[in-house]
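> need a structure here:
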Amino acid sequence: MDLIYSIVGFFVTGGPFMYPILIVFAVGAAIAIERYVTLTRVSAKNQGAWAKVQPALIDGNFDDAREMTNNDDSTISQLLELGLARQGAVRRREDIEIAMEEGMMEIIPQLEKRTPYVALASSIATLLGLLGTIMGLISAFTAVANANPAEKADLLSASISVAMNTTAFGLMVAIPLLVTSSVLTAKTGQIIDSLEMASVKALSVISSKARRQIESEA
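Below you'll find the predicted structure:
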């Protein structure tokens, strides 16, 4: 109970800027949780889809691979579906590669959306904390100017201590959000790298199959 009272007292004595910092934390945390859950699901779906499609690609069963990607909603299936669709119509490696690159340009923004807002929330929390402290110091010096000279030192030290609460709270909010933003960015990068790896491997298999087919026809 003493801990709870201490936290409540710390928050209340911090002044009005504590509330917008708390709101920023709530918004940033909500976005971070949503992004983490979404990216985790995307990663799991991609791994499952690739485990199914890769053997079909290696064996040259492109019809089976096309059917698998058509019936799957993972991002890796969406990417491979574009390349496999071109594989059945053209033989040029460049055309298939361009189709997959266009798919990546559509997929990457979907993976990265809202993640920058977590870092933005971290910066806003820090700035609000500093602003709250500055406003508190202005109020403190204004009050001390009209106070009894004997009480000025004690009153000033108490006022400064209270004013620093907003900076402390702002940093307590900003640091976890900044770390979370880095984790989300790294997780997004891993997914993008896996998509690029899958597209390169698929393109290599498709090109090799097309080359062998051309040689056999010649």
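
> average pLDDT across stretch 128-144?
Averaged over stretch 128-144, pLDDT sits at 82.

> From the rest of the structure, what touches that stretch?
Residues external to stretch 128-144 that are found in contact with it (CB atoms under 8 Å, 6 or more residues apart in numbering): 14-18, 20-21, 24, 152, 155-156, 159-160, 162-171, 173-174. The C-beta positions use only the backbone N, C-alpha and C, and glycine is treated the same way.

> go on, stretch 79-93?
With contact meaning CB under 8 Å, 6+ apart, stretch 79-93 is reached by 53, 62, 65-66, 69-70, 95-97, 99-100, 102-104, 107, 195, 198-199, 202-203, 206-207, 210, 213-214.

> Buried subset of these, written for ChimeraX?
Typed into ChimeraX, the line below selects the buried ones among those, using 16 or more other CB atoms under 10 Å:
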select :53,62,65,66,69,96,97,99,100,103,107,195,198,199,202,203,206,207,210
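
> which sections of the protein are below the confidence cut-off?
For the chain, the stretches with pLDDT under 70 are 1-3, 88-91, 143, 145-147, 149-158, 209-218.

> For the helix ranked longest in it, which helices and strands make contact with it?
In the chain, assigned by DSSP state H, the helix with the most residues is helix 152-217. Applying 3 or more CB pairs under 8 Å, 6 or more residues apart in numbering; DSSP states H and E, we find helix 152-217 packed against helix 2-13, helix 18-58, helix 75-87, helix 93-112, helix 115-145.

> Could you work out which of those reaches nearest to Thr180?
Nearest to Thr180, of all the helices and strands packed on helix 152-217, is helix 18-58, at 4.6 Å by CB to CB.

> report the angle between the axes of the closest one and helix 152-217?
10 degrees (axes from the mean of the first three to the mean of the last three CA atoms, to 10 degrees).

> The nearest residue to Tyr36 once chain neighbours are set aside: how many residues sit nearby?
Of all residues not flanking Tyr36 in the chain, Leu184 sits nearest, at 6.4 Å (CB to CB, 6 or more residues apart in numbering). The number of residues packed near Leu184 is 23, by other CB atoms under 10 Å.

> Might one say that Leu184 is in contact with Ala119?
No. Using CB atoms under 8 Å, Leu184 makes no contact with Ala119, being 9.1 Å away.
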